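Participant: let me see the structure of the following:
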Amino acid sequence: MLPFFKFPLFPLLYFIQMWSLKEIINFSMVSKHSFYAVRFLLRYLSYCKPITVTMDIYENHHEITVFSDSEKCVVRVMNKKELEDAQSSQQTFNGIQYLFVDKNEIVNTYWKDEDLALKMIYAHVRDLFGKPIDYLTYIPSKDNLHVDFLEAISNDQQNVENCSIGAMFGLSGKDVGSILNILQNTRNLNLSYTVLDYDLSGYKFHNLVIEDGERFPCQKLVKLDFESLDLYQLYDFDECLKKEELNTFLRLWITGNLPRMKNFRLETVLSLPFPDVLKTINFEPSGKLLDIDEENTVLTGGPYNIRRLTDGKIATVYTLDYWNENGQQMTYFEFSVDE
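Facilitator: Numbers count the residues shown, from 1 in each chain. You can find the predicted model right below:
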């Protein structure tokens, strides 16, 4: 038995408070005995450091990162065939051997079966800190979608709160369907525009963000079923959502389309003259007060109210011009349904 376990409780509590996150995680992986001891001490203390846990699933490696206010520890999971560093040591975790390389705040681990290792490390960190994953970054690979693992996380956490899905190049419609069936209930979901090349009918999203939204014409926008969407257009492409298409989009909402939509925000390099955006649309001044206190931000249109014909619901629309950190002049358009 390690000498650590022979100490009385209060010295152990002192030790655990002095350890870094990496030391806590490394020691907890030594044995089941060490895991239960560290977990007990952390819970006894109601571990005083606010903890954030993120997970990144990439094509060639995966990372679980534990953050506090002042430090972080990254546990990187890779296949043994990726091992290039000769300065590795052999360890055993849950009865499975792996190779271990310690580099500053990163713990590199190499496994024969990295999929199994990913599940084990996730469960270990979750049980150790009693903390679910706060943010999942997922880059799909046609060679391994990790669908079983995504499903396990979703079931374990009753869906992930925040997730970013990377470009979906080379995936079949069935592959994309498998991914979205699991992650569509994510509260805040960041998608690549490449997902719009697939049939998204039947999927109901909550809060969507599309940062590469330059190839997002109106006909694709109206096929999405969402509560909230933030769309960014930093470049002027032919497929950008323009003032005419934004007008079409609003008229479609007025006639009963997109019934679940509560908020739509667009940031674009294109000019959006408000008379053109609201052309042929009945509107009236809104009494909504806007909190605009940022420098270099100018209200250029609205706020105005528009009404949906099917149920009488009212939405407020307005536009702002501002300059971003790169010196680009941007237009911000917001649509929000009054509760």
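
Participant: what is the mean pLDDT for the biggest helix by length in the chain?
Facilitator: For the chain, the longest helix by residue count, based on DSSP state H, is helix 114-129. Mean pLDDT, helix 114-129: 90.

Participant: and the contacts of that helix?
Facilitator: Residues outside helix 114-129 that contact it (Cβ atoms under 8 Å, 6 or more residues apart in numbering): 24-25, 28-29, 35, 38-39, 42, 47, 51, 53, 55, 57, 61-62, 64, 66, 75, 77-79, 93-94, 96, 98, 109, 111, 131-133, 144, 146, 148-149, 152-153, 156. The C-beta positions use only the backbone N, C-alpha and C, and glycine is treated the same way.

Participant: now the element after that helix, going C-ward?
Facilitator: strand 135-138 (DSSP states H and E).

Participant: hang on, the earlier thing: ok, of the contacts of helix 114-129, which come out buried?
Facilitator: Applying 16 or more other Cβ atoms under 10 Å to the contacts of helix 114-129, the neighbour count classes 24-25, 28-29, 35, 38-39, 42, 47, 51, 53, 55, 57, 61-62, 64, 66, 75, 77-78, 93, 98, 109, 111, 133, 146, 149, 152-153 as buried.

Participant: so which of those sit within strands?
Facilitator: Judged by DSSP state E, strands contain the following of these: 53, 55, 57, 61-62, 64, 66, 75, 77-78, 93, 98, 109, 111.

Participant: just give me the closest of the residues you listed to C240.
Facilitator: Proximity of those to C240, judged by Cβ to Cβ, is greatest for I57, which lies at 30.5 Å.

Participant: show me what contacts the nearest residue to the closest one once chain neighbours are set aside?
Facilitator: Spatial nearest neighbour of I57, chain neighbours left out: Y138 (4.9 Å); criterion: Cβ to Cβ, 6 or more residues apart in numbering. By Cβ under 8 Å, 6+ apart, the residues touching Y138 are D56, I57, H146, L150, C163, S164, I165, G166, I179, L183.

Participant: could you dump the residues you listed to JSON lines with distance to L290?
Facilitator: Below are those laid out as JSON lines (distance: Cβ to Cβ, whole Å):
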{"residue": "D56", "distance to L290": "37"}
{"residue": "I57", "distance to L290": "39"}
{"residue": "H146", "distance to L290": "43"}
{"residue": "L150", "distance to L290": "39"}
{"residue": "C163", "distance to L290": "30"}
{"residue": "S164", "distance to L290": "29"}
{"residue": "I165", "distance to L290": "32"}
{"residue": "G166", "distance to L290": "34"}
{"residue": "I179", "distance to L290": "38"}
{"residue": "L183", "distance to L290": "33"}
